[in-house]
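Novice: No sequence on hand, only this structure:
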């Protein structure tokens, strides 16, 4: 090996190769410090919001009303056609049942006309009920009501208590007239007793002087005693008449009380059976009738004609309201993280009917949040553009009950704050 060849493994060479210039160390530290500062500044400066997603239903302030079957069976009668205008309370269809629905409806109409009678119980405004109605499950309660209704009518028409009171009043009047006669007779007897007393005094004086015989004196005394007896008898007769008068008055009061009590009991029983009958009819209607709860247009769902079968829980018809109001959205917000959601926060809505990659998203705002959760969810109402314009400037046609996903954009939080929040929580927990 040549003597001028460099030995790279020598200590001198290794020292030269391992030496790092000071300017590189100072520059590297500065660069790392600047990078750290930039990272800290960026994590403080750059913010992004939390997104809370939930399913949403697009509807209107007055949403459609779904008519759901409460019992299984065959649809006996369909009274309307699809897309026909329907009034509130109008019957759309009837499920087959033991009752004749025309009889039940006629009975319900008569009960409505009887409402004022059930308040005033004025028998001049009564209703005639058919005892031969075919009412199915309502039959028993109708029979009870009809019996009470007839009992009350018979009570009023017979008017037993007042007729008896009238007879007693007539008897009382006669006793008072008789008593007046006894009083006049008593006054006469008082005068006769006074005269007999005077005559007895005169006869007594004459008898003491031996002017008259003992027989005359005894006759005058006997006459005085007879007048006194008649006077006392008349007094007793008047007292007895007054006792009879008082007893009659008491009997009249008792009859009036009995009449009032019996009338109240009959009215209470009638009102009770009336309410039970109305409740029974309402239950029958809920079970077997499809009635429109609002004014609008009927849309046939499950049922399109008579004699179709329907099961419990199936939607037979939907009523689209005549005045639906503005378009809004409803979503259920879970309790976890619900405190981040505020009014007027932005909401991006992706509708299932219109893929957002093609049509874009509809932007709305949080309109209101329910005060109390229901089954761990808050109800949130979303304000939506009435033309359903997307961020691609496309107007989507509105249809009731449109489903989609709503992304609620909450407040912006920096990256640094998101990193420090867990550390802050740990520090407070163990401090």
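Specialist: That came through fine. In this text the structure is predicted, and so the values were computed from the model without any measurement.

Novice: contacting residues around residue 333?
Specialist: Neighbour list for residue 333: 52, 54, 341, 369, 377-380, 408 [criterion: C-beta atoms under 8 Å, 6 or more residues apart in numbering]. Yep, even glycine has a C-beta here, placed from its N, CA and C like the rest.

Novice: what do you get if the cut-off is 6 Å, keeping everything else the same?
Specialist: By C-beta atoms under 6 Å, 6 or more residues apart in numbering, the contact set of residue 333 is 54, 378, 380.

Novice: go on, residue 270?
Specialist: Residue 270 sits next to 148, 152 when contact means C-beta under 6 Å, 6+ apart.

Novice: Report the secondary structure element holding it.
Specialist: Assessed by DSSP states H and E, residue 270 sits inside helix 214-288.

Novice: Specify the next element, helix or strand, located C-terminal of that helix.
Specialist: Using DSSP H and E, the helix or strand that directly follows helix 214-288 along the chain is strand 289-291.

Novice: Which strands and helices lie in contact with that following strand?
Specialist: Strand 289-291 makes packing contacts with strand 91-95 when contacts are defined by 3 or more C-beta pairs under 6 Å, 6 or more residues apart in numbering; DSSP states H and E.

Novice: Let me know the average pLDDT across the strand it packs on.
Specialist: Mean pLDDT, computed over strand 91-95, is 91.

Novice: for that strand, the distance to its chain's centre please.
Specialist: How far strand 91-95 lies from its chain's middle: 25 Å, per C-alpha atoms, centre = their mean, to the nearest Å.

Novice: going forward can the numbers begin at 32, since that is how I track them
Specialist: Happy to do that; since the first residue is 32 now, the last one works out to strand 122-126.

Novice: tell me what it is packed against?
Specialist: Contacts defined by 3+ C-beta pairs under 6 Å, 6+ apart place strand 122-126 against strand 104-109, strand 320-322.

Novice: Give me whichever of these is most buried.
Specialist: Of all the helices and strands packed on strand 122-126, strand 320-322 has the most neighbours on average by mean count of other C-beta atoms under 10 Å, namely a mean of 20.

Novice: Tell me the buried residues in stretch 419-426?
Specialist: By 16 or more other C-beta atoms under 10 Å, the buried positions in stretch 419-426 come out as 419, 421.

Novice: Span of it from start to end?
Specialist: Taking C-alpha to C-alpha, to the nearest Å as the measure, stretch 419-426 stretches 5 Å from start to finish.

Novice: do stretch 359-373 as well
Specialist: First-to-last distance for stretch 359-373 - C-alpha to C-alpha - comes to 17 Å.

Novice: Now that stretch: average pLDDT?
Specialist: On average, stretch 359-373 scores 86.

Novice: and it, how far from the chain's centre?
Specialist: Counting by C-alpha atoms, centre = their mean, stretch 359-373 comes out at 29 Å from the chain centroid.

Novice: Flag every buried residue along it.
Specialist: For stretch 359-373, the neighbour count (16+ other C-beta under 10 Å) marks 359-360, 362-364, 372 as buried.

Novice: Show me where this protein has its strands.
Specialist: 78-91, 96-99, 104-109, 116-117, 122-126, 320-322, 327-331, 340-341, 346-352, 358-365, 377-382, 393-400, 408-414, 433-445 (DSSP state E).

Novice: circling back: mind putting the contacts of residue 364 into a markdown table with pLDDT, distance to residue 353 and neighbour count?
Specialist: Converted to a markdown table, the contacts of residue 364 look like this (pLDDT from 0 to 100; distance: C-beta to C-beta, whole Å; neighbours: other C-beta atoms under 10 Å):
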| residue | pLDDT | distance to residue 353 | neighbour count |
| --- | --- | --- | --- |
| 85 | 88 | 30 | 17 |
| 409 | 90 | 31 | 18 |
| 411 | 91 | 27 | 25 |
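
Novice: Out of those, flag the one nearest to residue 298.
Specialist: Of all the contacts of residue 364, residue 409 has the smallest distance to residue 298: 49.3 Å, by C-beta to C-beta.

Novice: With adjacent residues omitted, what lies nearest to the closest one?
Specialist: Leaving out its chain neighbours, the residue that sits closest to residue 409 by C-beta to C-beta, 6 or more residues apart in numbering is residue 364, at 4.4 Å.

Novice: Thank you kindly, that will do.
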